[in-house]
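>>> Structure of the sequence below:
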Amino acid sequence: MAWIVLIFAGIFEIVWAYSMKLSDGFSKLTPSVVTIFFMILSFALLAYAMKTLPLGTAYTIWTGIGAIGSFLVGIFILGEPASAMRMLAAVLIISGLLLMKLSSS
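Numbering: from 1, shown residues only. Below you'll find the predicted structure:
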């Protein structure tokens, strides 16, 4: 159950990162409210998952999901570049996440 909660916490991190971008420095009300709501929700779910998962594992997986998800949102929704170096960096992050998951009991 903690892993499922952690995955949702990571997904909600992607949502708040994207809505923060849309808020234009918190100058637009609706994206700003969405950002704050999903920040709180993401943190609450992370805290819940940390009741049973180790700190290092939970936090690394949470930030990794957010990083890769935000990277993909940037490419597919915001039209950011998908250079070979950025793609390699994303593959390395995913590799680290998989190793972290496999090393957890």
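
>>> give me phi/psi at residue 103?
Torsion angles at residue 103 (phi, psi; degrees, to the nearest 10) stand at phi -90, psi -10.

>>> Spatially nearest residue to it (excluding sequence neighbours)?
residue 57 (7.8 Å; Cβ to Cβ, 6 or more residues apart in numbering). For glycine as for every other residue, the C-beta is placed from the backbone atoms N, C-alpha and C.

>>> just the CA coordinates of the host helix or strand of the one you found, formatted as PDB?
For residue 57, the host element (DSSP states H and E) is helix 55-76. C-alpha atoms of helix 55-76 as PDB (Å, rounded to 0.1, in the frame of the first residue of the first chain):
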ATOM      1  CA  LEU A  55      13.400   7.800   4.200                       C
ATOM      2  CA  GLY A  56      16.100   7.500   1.600                       C
ATOM      3  CA  THR A  57      14.000   5.100  -0.600                       C
ATOM      4  CA  ALA A  58      10.800   7.000  -0.300                       C
ATOM      5  CA  TYR A  59      12.300  10.500  -0.900                       C
ATOM      6  CA  THR A  60      14.400   9.300  -3.800                       C
ATOM      7  CA  ILE A  61      11.500   7.600  -5.500                       C
ATOM      8  CA  TRP A  62       9.200  10.600  -4.900                       C
ATOM      9  CA  THR A  63      11.700  13.100  -6.400                       C
ATOM     10  CA  GLY A  64      12.600  10.700  -9.200                       C
ATOM     11  CA  ILE A  65       9.000  10.300 -10.300                       C
ATOM     12  CA  GLY A  66       8.600  14.100 -10.100                       C
ATOM     13  CA  ALA A  67      11.800  14.700 -12.000                       C
ATOM     14  CA  ILE A  68      11.100  12.300 -14.900                       C
ATOM     15  CA  GLY A  69       7.400  13.200 -15.100                       C
ATOM     16  CA  SER A  70       8.200  16.900 -15.200                       C
ATOM     17  CA  PHE A  71      10.800  16.200 -17.800                       C
ATOM     18  CA  LEU A  72       8.300  14.400 -20.000                       C
ATOM     19  CA  VAL A  73       5.600  17.100 -19.400                       C
ATOM     20  CA  GLY A  74       8.300  19.700 -20.500                       C
ATOM     21  CA  ILE A  75       9.000  17.800 -23.700                       C
ATOM     22  CA  PHE A  76       5.500  16.700 -24.700                       C
END
